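Enquirer: The sequence isn't on hand, but the structure is:
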Ligand SMILES: Cc1cc2nc3c(=O)[nH]c(=O)nc-3n(C[C@H](O)[C@H](O)[C@H](O)COP(=O)(O)O)c2cc1C
C-alpha cells in the first residue's frame, strides 16, 4: 500500500490508475500551459512570517462561505467528466465533501446528473452553470437545481469559447472512450477503473443527454461545447440568471477588478478569482497575482474566493492572507478521486486541512478570521502583493 503524504502522492497514484486520456484531461492547461504552471509557481514564491511563543493550543479552521458553515474555507470546484476519473465520481466526491463539512460543486458537464447527486447525498450542493444558446435548456437546468435543493448557483464566465488543450486533441477525448486500439490497450492496464465502470450505468453527460431536444448522445465534449456554449454571454445574461435563480449567485472566472465590480452590480454574492485552472486563456495572470486587486475592488461588497494551483493547505493560507474569504480546489481532489475513489477525496481534504492547521499554528494564528497580510513575510512578497 502506497503511503500518501501529500497531494503529489495522490497525483502519482491517479496517473497509474486512470486511463491516460482522462488523466491527461486533468493534468493539462491550454496551449503552452504557462498560466497553468504559474498558478502553482506564483503561490510557491510567497513566504510566511513565522511567529513563536504565541498560545496556539486552541485552533480552528472553521468559517463560512456565503453563510454556509465549513470546516475549512475550501470548496470542491466544478469539474467536467468527474465520473470518468472514477465510476460515479461526482457522487463519491460529493459524499466525501459532505462528511468533511466542505461544499461540493457539480458541473453542468458532469457524468452523474443533478438528480443522481441529490439522491445520494444529504447536504445541499452547489450547481455550476455554463451559459448555452438554448435558453429553454438553461431555464430547465436552473429549475432542476432548485428542485434538487442546491444551495447556490455558480455561473462560469470564462468559457464563452473553448481554450485548446493539445493533449485532449491528441487523445481524442470522449466519454465513454471510443474503442480504438490505443484506448483498448491503455484500458487493459487499468483493471480497477474498468471494473468500476462495468458496475455503473453513468458514463454519459448526465445533465444533458435526454434533456436537450434532439440530443441523444454527447460523446465528444469539445464538439458539443463548441456548438452549444454561448459566445454572446454578457452582463445582461448574468442579471437574467440571477433573476431566474433567485438565490445565492457565485460568479466564477473573473481576473479583472472592473469585471468583478460589474459582477457585484449584477447581484453576485461571491466572485471566484479563477482562470479555469489555466485551461482557458494561456498567458492570463495567475490567480494569486490577480487576487489582491479584486479584493481591493469588491472585498467590502461580496466574498472573494480564489482557485487555481491550490495543492496544499499552505496555498490556502497564502490565498487567505492576500484577502480571499475562501478557496476552491479542482485537480487536488480529482487526483484523490482517481487514486482511491471516495477515500482518496477524503484523504485529499485531510491533507489540506492538516497542512492549513499546522501552517496557521506556526504563523501564530489560531483561527482563519485572524489571517491577514501580516501572516506573510512582507519583504519577500512578489510585486503583485505589494502593499496597497
Ligand atoms: C479536469 C477539469 C475540468 C474542469 N471542468 C470545469 C467545469 O466543468 N466547469 C467549470 O466552471 N470549471 C471547470 N474547471 C475549472 C475548475 O472549476 C477550477 O477553476 C480549476 O480546476 C482550479 O484550478 P486547480 O485545478 O489548479 O485547483 C475544470 C478544471 C479541471 C482541472
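Expert: Now that the structure is in, tell me what you want to look at. All of these numbers come straight from a predicted model, not from anything done at the bench.
Enquirer: What is the burial count for the residue in the stretch 251-388 of the chain positioned nearest to the ligand?
Expert: Residue of the stretch 251-388 of the chain nearest the ligand, by CB to the nearest ligand atom: residue 330 (2.0 Å). (Glycine included, C-beta is placed from N, CA and C.) Number of residues near residue 330 (other CB atoms under 10 Å) recorded here: 22.
Enquirer: Could you do residue 79 as well?
Expert: 25.
Enquirer: For the residue of the stretch 251-388 of the chain closest to the ligand, which residues are in contact?
Expert: Counting by CB atoms under 8 Å, 6 or more residues apart in numbering, residue 330 touches 77, 79, 277, 307.
Enquirer: Next, the first one: phi, psi?
Expert: So that's residue 77. phi -70, psi 160 (degrees, to the nearest 10).
Enquirer: I'd assumed residue 332 was in contact with it.
Expert: No. Between residue 77 and residue 332 there is no contact under CB atoms under 8 Å: 9.3 Å.
Enquirer: If you count surrounding residues, which of these two has more?
Expert: Taking other CB under 10 Å, residue 77 and residue 332 do not tie; residue 77 has more neighbours (29 against 26).
Enquirer: List the contacts of the more buried one.
Expert: Residue 77 neighbours (CB under 8 Å, 6+ apart): 105, 277, 307, 328-330, 333.
Enquirer: Try it again at 10 Å.
Expert: Taking CB atoms under 10 Å, 6 or more residues apart in numbering, we find residue 77 in contact with 103-105, 107, 126, 128, 154, 252, 272, 274, 276-277, 305, 307-308, 310, 327-334.
Enquirer: Okay, helices next: where are they in the stretch 51-200 of the chain?
Expert: 89-100, 114-120, 135-147, 166-171, 181-187, 191-198 (DSSP state H, counting those that start in this stretch).
Enquirer: Kindly report the same for the stretch 251-388 of the chain.
Expert: 257-265, 287-298, 313-321, 331-362.
Enquirer: Now do the second one: which elements does it pack against?
Expert: Here helix 287-298 is seen to pack against helix 34-44, strand 249-254, helix 257-265, strand 270-273, strand 303-307, helix 313-321 when contacts are counted using 3 or more CB pairs under 10 Å, 6 or more residues apart in numbering; DSSP states H and E.
Enquirer: now it against helix 34-44, angle please.
Expert: Helix 287-298 runs at 80 degrees relative to helix 34-44, counting by axes from the mean of the first three to the mean of the last three CA atoms, to 10 degrees.
Enquirer: close to the ligand, is helix 287-298?
Expert: No. Helix 287-298 does not reach the ligand (CB under 6 Å from any ligand atom); its nearest approach is 7.8 Å.
Enquirer: Just the pLDDT for the nearest residue to residue 340 once chain neighbours are set aside.
Expert: Among residues not flanking residue 340 along the chain, residue 347 sits closest, at 6.6 Å (CB to CB, 6 or more residues apart in numbering). Residue 347 is assigned 98 on the pLDDT scale.
Enquirer: ok, which residues in this structure are in contact with the ligand?
Expert: So the chain meets the ligand at 25-26, 39, 77-80, 107, 109, 128, 156, 252, 274, 276-277, 279, 307-310, 329-332, 334 (CB under 6 Å from any ligand atom).
Enquirer: burial measure for residue 189, as a count.
Expert: 12.
Enquirer: please begin residue numbering at 507 from this point
Expert: From this message on, residue numbering opens at 507, which makes the last subject residue 695.
Enquirer: For it, list the residues it contacts.
Expert: 522-523, 525-526.
Enquirer: got any residues that touch both of residue 583 and residue 838?
Expert: residue 816.
Enquirer: Kindly list the main-chain dihedrals of residue 736?
Expert: When read as degrees, to the nearest 10, the backbone of residue 736 gives phi -100, psi 110.
Enquirer: Do I have it right that it meets residue 644?
Expert: Yes. Between residue 736 and residue 644 there is a contact under CB atoms under 10 Å: 8.8 Å.
Enquirer: who touches both of the two?
Expert: 636-638, 743.
Enquirer: Least confident of those?
Expert: pLDDT across the shared contacts of residue 736 and residue 644 is lowest for residue 638, at 92.
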